[in-house]
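K.L.:
Here is the input, now give the coordinates:
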Amino acid sequence: MLKLPSSRSGQASIAIEINPVDAAGAATKKRGIVIRSSSELDQFNCILTDQKLIELIRRIDEINPKQEEEVGTTGSDVFEI
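P.N.:
This is a model prediction of the structure:
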């Protein structure tokens with residue numbers, strides 16, 4: 001969870017940041033996906049489950065070399081608050 005400060009265009013609010021972690025539990029990206037509402041979550045869900053996107057990423061996986069950190073991950077679930 002993130003506390004977002006107020007800005008010129010909006011009030012302070014709370015959001016969720018979704019960021020993949022490695023086997024040690026450390027974030028793999030500097031910044032994850034920030035979701036501010038259930039409607040944003042629905043929009044991301046539609047985008048991420050789109051068959052065209054899934055096919056595109058599979059083709060990218062075929063082209064890109066394997067990352068060393070991908071090979072060693074265990075797939076453990078981490079839910080940090």
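
K.L.:
what about the strands in this structure?
P.N.:
Ranges of strands in the chain, per DSSP state E, are 2-4, 13-18, 33-35.

K.L.:
can these go into JSON lines with extra columns for mean pLDDT?
P.N.:
Putting the strands of the chain into JSON lines (pLDDT from 0 to 100) gives the following:
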{"stretch": "strand 2-4", "mean pLDDT": "92"}
{"stretch": "strand 13-18", "mean pLDDT": "94"}
{"stretch": "strand 33-35", "mean pLDDT": "93"}
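
K.L.:
among the ones you listed, which is the most enclosed?
P.N.:
Per-stretch averages of neighbours, counted by mean count of other C-beta atoms under 10 Å, single out strand 33-35 among these, with a mean of 15. Heads up, the C-betas are built off the backbone N, CA and C, glycines and all.

K.L.:
The strands of the chain: which one's closest to D50?
P.N.:
When the strands of the chain are ranked by proximity to D50, the top entry is strand 33-35, at 15.4 Å, counting by C-beta to C-beta.

K.L.:
circling back to that earlier point, could you dump the strands of the chain to a markdown table with distance to C46?
P.N.:
A markdown table is the format used below for these (distance: least, C-beta to C-beta, whole Å):
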| stretch | distance to C46 |
| --- | --- |
| strand 2-4 | 23 |
| strand 13-18 | 15 |
| strand 33-35 | 13 |
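
K.L.:
so which of those strands gets nearest E55?
P.N.:
When these are ranked by proximity to E55, the top entry is strand 33-35, at 20.8 Å, counting by C-beta to C-beta.

K.L.:
Show residues contacting the closest one.
P.N.:
L2, A15, I16, E17, I18, N19, L41, F44 (C-beta atoms under 8 Å, 6 or more residues apart in numbering).

K.L.:
Quick check: chain neighbours aside, which residue is closest to L53?
P.N.:
Distance criterion C-beta to C-beta, 6 or more residues apart in numbering; nearest residue to L53, sequence neighbours excluded, is I47 at 6.7 Å.

K.L.:
From E62, how far off is the one you found?
P.N.:
Counting by C-beta to C-beta, to the nearest Å, the separation of I47 from E62 is 22 Å.

K.L.:
again with M1
P.N.:
Distance check for M1 against E62: by C-beta to C-beta, it reads 37 Å.

K.L.:
This completes my enquiry, with thanks.
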